[in-house]
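**Student:** Fold the following and give me the result.
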Amino acid sequence: MSFSLASSGAIIAKSGRFSNSAAQTSGALLQQFSDEAEAFINLYTRYNWVSNAATINAQTSGALQEAVSCLAGIKIIAYDMSGYTTRAEAESIINVLNYQAFRVLDLLKEDVHRKFAIDVRTGAS
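**Tutor:** Next comes the predicted model:
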């Protein structure tokens, strides 16, 4: 399931340059944070995007990458905030990432937007 909707590079980029370097380079942590974000998105939208990744149209796959990388990036930041100038700086980044993720997810949990997201050539729904 790992990295089905977003790359590890996108997740690291979202966490910012002051995030914990050990978390950024740990394949196990990145995989865990990716899996957790993907599972949450499936649950929140009531659709299994991971299993149906091949049916997602190109425009929507970018939006899903945005949501997954933001949620997983939040987990990297929360893992260790000591690298940021202040805790408030880290929390501000978390707030922005949370907003960006839920801007996408709130659309995709509605049937009309989910149907748009699925590639009609495959017949999947």
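
**Student:** so what's Lys75 up against?
**Tutor:** Phe33, Glu36, Ala37 (C-beta atoms under 8 Å, 6 or more residues apart in numbering). Just so you know, the C-beta spots here come from the backbone N, C-alpha and C atoms, and that holds for glycine as well.

**Student:** next one: phi and psi at Ile56?
**Tutor:** Backbone torsions of Ile56, given as degrees, to the nearest 10, read phi -80, psi 130.

**Student:** Can you tell me the closest non-neighbouring residue to it?
**Tutor:** Of all residues not flanking Ile56 in the chain, Ala117 sits nearest, at 5.9 Å (C-beta to C-beta, 6 or more residues apart in numbering).

**Student:** Quick one: residues contacting that neighbour.
**Tutor:** By C-beta under 8 Å, 6+ apart, Ala117 lies in contact with Ile56, Asn57, Thr60, Ala63, Leu64, Leu108.

**Student:** quick one: which of these is nearest to Ser4?
**Tutor:** The closest of those to Ser4 turns out to be Leu64 (C-beta to C-beta; 9.2 Å).

**Student:** Now for Ala88, how many residues are close by?
**Tutor:** By other C-beta atoms under 10 Å, the residues close to Ala88 number 10.
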